[in-house]
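K.L.:
One predicted model, sequence on top.
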Amino acid sequence: MKKIAVFALMTAASLACGQDYPIRPVPFTSVKAEDSFWLPRIRKNHDVTIPIAISHCYATGRVDNFLIAAKLKPGKFQTQYPFDDTDIYKIIEGASYSLRMFPDKTLEARIDTLIQYIRLAQEPDGYLYTCRTINPENPHEWAGKNRWEKDPELSHELYNCGHLYESAAAHYGATGRRTLLDVALKNADLLCRDFGPDGFAYYPGHQIVEMGLVKLFRITGRREYLDLAAFFLDSRRNGEEYNQAHLPVSEQTEPVGHAVRATYMYSGMADAAAMAGKPEYLAALDAIWGNLLKNKIYITGGIGAEAGHEGFSAPYVLPNLKAYNETCASIGMVYWSHRMFLLSGDARYIDVLERVLYNGMLSGVSLSGDRFFYPNPLESDGHDERSAWFGCACCPSNVCRFIPSVPGYAYAVSDDRVYVNLFIQSSASIPLGTKSVRLVQQTEYPWDGKIVLKVEPAGSAEFEILIRIPGWVGNEPLPGNLYSFADKNGSDLSIRVNGKPAAVQIEKGYAVLKRRWRRNDTVELRLPMPVRRILANPKVKDDAGKAALQRGPIVYCAEWPEFQDRRTSNIVLNLDAPIHAEFVPGLLGGVAVVRGRAAALVRTATDTVQTETDFTAIPYFAWANRGKGEMEVWIPFNSGALRPAGSPANP
C-alpha cells in the first residue's frame, strides 16, 4: 500500500458511515514544514527528544514491563504507575509522525522492536495491561482484583487502551503497516465485548479511550467503536468533579477537575458529536468553552491553576507563582480547540490553539530538547528548573508525540474552501473535491507578520481561500473579556492578490478570497505586530496593577539574566513609555526581544524609591534555559504612587 493513500482510506471509511466533521484537517502527511521556527524544533524532537525518551523508558523499566509480561524475561512490575505503558505508546506515535518527515532506519528499527514487545505482551483475548499480565493475582495496588473494575478511580486500564489506539492510528497512517494497528483492533474488540448496555458500565477514570476509539472507527468504519466511545461518555454520572463524572456530559457547563482529563473528554465529545450525531454534546461544549474563556484560562493559553488536583480552580483564580498549567493540559487544549474549529469554522478556536502552541505548550520543553517542565508557572522566585525526566513521565512523552504533528494544524478544507490557520513556512498538497491545489507559504512568522501564499491549482479552478486574521490584530488577546489590550492597535492589516489590494469579506475571523485561481497567483498578507500591553480583568486579583507584554502570538516575560541585579521582582513598567521589538539571532536560538526603559525599585531600610533601567523581555516559551532565577509574565506598572529616586520623602 502506498503511504500517501492511507489517510484518504481512513477518511473514506468514516464518510461511508454517514457523518463527519464539516471541515477536515489537511493531515501532516500532506504538509511539509520548511520554516525556521517549527522545522528546527521538529528536527530537535526527532534527533534528541524521542531518542532520550526511549532511553529513559529502557532505563526506568518501562520496556522491561512488556518483556516480563511477554515472558521474555523474569521479574515483577518495574515502575511506579500502572499507566507507564502509555509512555511507550506516545513515543511510538511521535516517532511515526517524525519518521514520515525524516526517514531514519535506526529509529525505525527501535520502534519496530518496541511494537514487537507490545505484540508479545498482549494476552490471547486482546487484553493489554502489563501490571496485571505480569502478576494477575496481585497486580498494581491501583488495579482491582478483576479487570476494569477500578478504572473510574485508579487503574487507568482504559486510559492505556486509548493511548494504544492513538499510537496505532498514527503508526498506520504514517507507514501503512498494520503491526501495531492489529494489536489495537484486537484490544478494541475486547472492549466492545466487555463493555456496553449488556456488559460493564464503568466509565474511564482518565479519558482518552473515546478519542482513540473514534480514530479506529475512522480507519475501519466499524460502528461498534464509535458507539462504544459514546457509551463511555454517556456513562459518566454520579461520580466526582475530579474526572468530570459529576453530571452527565451533556449537562456540564463549566470546566472542572483534572485539566488533562477534561480536555481529552471534551475532545472525545466533539468527535462523537461530529461522527455519531450528538447535538446535546455541542451545546455542552459551547457552554464549557465559554466559561473557560471567561474566567479560567491564562494569558499563555495554559489551563489548570491548582497543583493539588492538577486542574481548574474557582473562577478568576489564576495565581502566577503557583500556577500549575500542566504541559499535557496545553496539548489537550490544542486537541479540543482544533476540534471545535472543525465543527464550526470559527477562527477564535484557532486563535486559542495558536496562543497555546507558541506559549503554554512550547514552554514545556527546553530549547535543547532534553529537559522538561511538568507545571508551567507564570512567575518564578528562582527555584524553578527543568527536569531531565519525571517519575510520572506523561509530559515528556506527550511532547514527543505532539511536536511533529504541528504541521497538521496549519490547513483545513471544506467543499470548495481552503482554510489557512497557522502561519508556517510550508508547502501543502490539498485535495479539494474533484480538484487539487498546492499551497506554498513563505513567512518568518512569528517574528514577522508578512505571509506570502503561492497558489498552484491543477489548472485554473474557482474556490475560496480563507485566511485567519488573528484576534490580536483586532484588539482581542483572547476571545471573551478576561484580558484586554491597554492600548488600541492603530495599524491596519494589508491583503494583496497578485500585488493589488484585495477587497475581502471577513467571516468568523477569516478573510475570504473567492476567485478563479490560476497557477502562480499570490496572496500577500501583512499582519501588524506592535508590542502590546495586556491587562487582566479586575476580578483576577493576582494580576491587579500588573501588565503582560505580547507581540504577534508571542507572550513575553522578564527573566533574570537580562537585568544587572538579576532580579525581576523589582521592575515596574510605565504603560506609556516607548517600547520596541528587536530580533537577536544569537539569543536563545534566535528570538525577537522587547526592549525599552522601566523603573527599578530600590528598597532601603526606611523607604522605597525608583530609578530608571534598561528593560528587556524574552518570549515566555524560552525561559528557564539559562539556569534558575526570577521570572515574571505579569509585571507591575507604575500607577504614580511610587516616587522617583531623589524626591522628598513623604511626611
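P.N.:
Yep, it's here.

K.L.:
and stretch 186-205, which residues are buried?
P.N.:
Within stretch 186-205, the residues that count as buried by 16 or more other CB atoms under 10 Å are 186-192, 194-196, 202-205. (Glycine included, C-beta is placed from N, CA and C.)

K.L.:
Relative to the whole chain's centre, how far out is that stretch?
P.N.:
In terms of CA atoms, centre = their mean, to the nearest Å, the centre of stretch 186-205 is set 29 Å apart from its chain centre.

K.L.:
Span of it from start to end?
P.N.:
Start-to-end span of stretch 186-205 (CA to CA, to the nearest Å) is 22 Å.

K.L.:
and that stretch, average pLDDT?
P.N.:
Computed over stretch 186-205, the mean pLDDT rounds to 96.

K.L.:
Ok, stretch 463-477 next?
P.N.:
On average, the pLDDT along stretch 463-477 is 95.

K.L.:
Can you give me the buried ones in it?
P.N.:
Per 16+ other CB under 10 Å, stretch 463-477 contains these buried residues: 463-473, 476-477.

K.L.:
Let me know the average pLDDT across stretch 423-433.
P.N.:
Averaged over stretch 423-433, pLDDT sits at 95.

K.L.:
Ok, stretch 480-493 next?
P.N.:
Mean predicted lDDT for stretch 480-493 stands at 86.

K.L.:
If you count neighbours, what's buried in that stretch?
P.N.:
480, 482-485, 493.

K.L.:
same deal with stretch 406-418?
P.N.:
Buried residues in stretch 406-418, counted by 16+ other CB under 10 Å: 406-414, 417-418.

K.L.:
Equivalent analysis for stretch 601-614, please.
P.N.:
Within stretch 601-614, the residues scored as buried using 16+ other CB under 10 Å are 601, 609-610, 613.

K.L.:
just for the chain, where's the confidence low?
P.N.:
Low-confidence segments of the chain (pLDDT under 70): 1-18, 490, 639-651.

K.L.:
quick check: domain ranges of it?
P.N.:
The chain breaks down into these domains under automatic domain parsing: 3-409, 420-468+492-526, 531-636.

K.L.:
Highest mean neighbour count out of these?
P.N.:
Most buried of the domains of the chain, by mean neighbour count (mean count of other CB atoms under 10 Å): domain 3-409, with a mean of 21.

K.L.:
Wait, residue 435 touches residue 457, no?
P.N.:
Yes: using CB atoms under 8 Å, residue 435 is in contact with residue 457, at 6.6 Å.

K.L.:
okay, and the common contacts of the two?
P.N.:
residue 463 (CB atoms under 8 Å, 6 or more residues apart in numbering).

K.L.:
Quick check: phi and psi at the residue nearest the centre of the chain.
P.N.:
Closest to where the C-alpha atoms of the chain average out (CA atoms, centre = their mean) is residue 331, at 2.7 Å. With angles defined as degrees, to the nearest 10, residue 331 sits at phi -60, psi -40.

K.L.:
list the contacts for it?
P.N.:
361, 398-399, 402.

K.L.:
and of the buried residues of stretch 406-418, the nearest to residue 219?
P.N.:
If you rank these by distance to residue 219 using CB to CB, residue 408 comes first, at 16.4 Å.

K.L.:
which ones are touching that closest one?
P.N.:
By CB under 8 Å, 6+ apart, the contact set of residue 408 is 25-28, 31.

K.L.:
Now the residue nearest to it when sequence neighbours are not counted. Its backbone dihedrals?
P.N.:
Counting by CB to CB, 6 or more residues apart in numbering, residue 408 lies nearest to residue 28, which is 3.5 Å off, once chain neighbours are set aside. For residue 28, the backbone dihedrals (degrees, to the nearest 10) come out as phi -60, psi -30.

K.L.:
Among the buried residues of stretch 463-477, which lie within strands?
P.N.:
463-468 (DSSP state E).

K.L.:
wait, which of these is closest to residue 76?
P.N.:
residue 468 (52.3 Å).

K.L.:
residues touching the spatially closest residue to the closest one that is not a sequence neighbour, list them.
P.N.:
Spatially, and ignoring its direct neighbours in sequence, residue 468 is nearest to residue 347 (4.7 Å; CB to CB, 6+ apart). By CB under 8 Å, 6+ apart, residue 347 lies in contact with 341, 421, 468-471, 508-510.

K.L.:
On the three-state scheme, residue 412 is what?
P.N.:
Secondary structure, DSSP: H, G, I helix; E, B strand; the rest coil: residue 412 is strand.

K.L.:
From residue 511, how far out is the spatially closest residue to it that is not a sequence neighbour?
P.N.:
Leaving aside its sequence neighbours, residue 412 sits nearest to residue 419 (CB to CB, 6+ apart; 4.1 Å). With distances taken as CB to CB, to the nearest Å, residue 419 is found 11 Å from residue 511.

K.L.:
Any chance you could list residues touching both of the two?
P.N.:
residue 466.

K.L.:
Show me where the stretch 251-400 of the chain has its strands.
P.N.:
In the stretch 251-400 of the chain, the segments counted as strands under DSSP state E, counting those that start in this stretch are 379-381.

K.L.:
Check the contact between the residue nearest to residue 408 and residue 403; I expect there is one.
P.N.:
No: if you go by CB under 8 Å, residue 28 and residue 403 don't touch, sitting 11.1 Å apart.

K.L.:
picking up where we left off before, measure the residue nearest to residue 412 to residue 509 for me?
P.N.:
11 Å.

K.L.:
Overlap in contacts, those two.
P.N.:
Common neighbours of residue 419 and residue 509 (criterion: CB under 8 Å, 6+ apart): residue 468.

K.L.:
And the helices in the stretch 151-300 of the chain, which stretches?
P.N.:
157-175, 179-194, 209-220, 223-234, 259-276, 279-295 (DSSP state H, counting those that start in this stretch).

K.L.:
would you turn these into CSV with distance to residue 429?
P.N.:
As requested, these are exported to CSV (distance: least, CB to CB, whole Å):
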stretch, distance to residue 429
helix 157-175, 16
helix 179-194, 24
helix 209-220, 20
helix 223-234, 29
helix 259-276, 24
helix 279-295, 31
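
K.L.:
looking at the ones you listed, which is closest to residue 365?
P.N.:
helix 259-276 (16.6 Å).

K.L.:
and the buried residues of stretch 601-614, which two are the farthest apart?
P.N.:
Spatially, the most separated pair among the buried residues of stretch 601-614 is 609 and 613, at 12.7 Å (CB to CB).

K.L.:
so who does residue 507 touch?
P.N.:
Each residue near residue 507 by CB under 8 Å, 6+ apart is listed here: residue 466.

K.L.:
Would you mind measuring from it to residue 468?
P.N.:
11 Å.

K.L.:
And for residue 593?
P.N.:
Per CB to CB, residue 593 is found 26 Å from residue 468.

K.L.:
What degree of burial does the residue nearest to residue 412 show, as a neighbour count?
P.N.:
Around residue 419 sit 25 other residues, with neighbours defined as other CB atoms under 10 Å.
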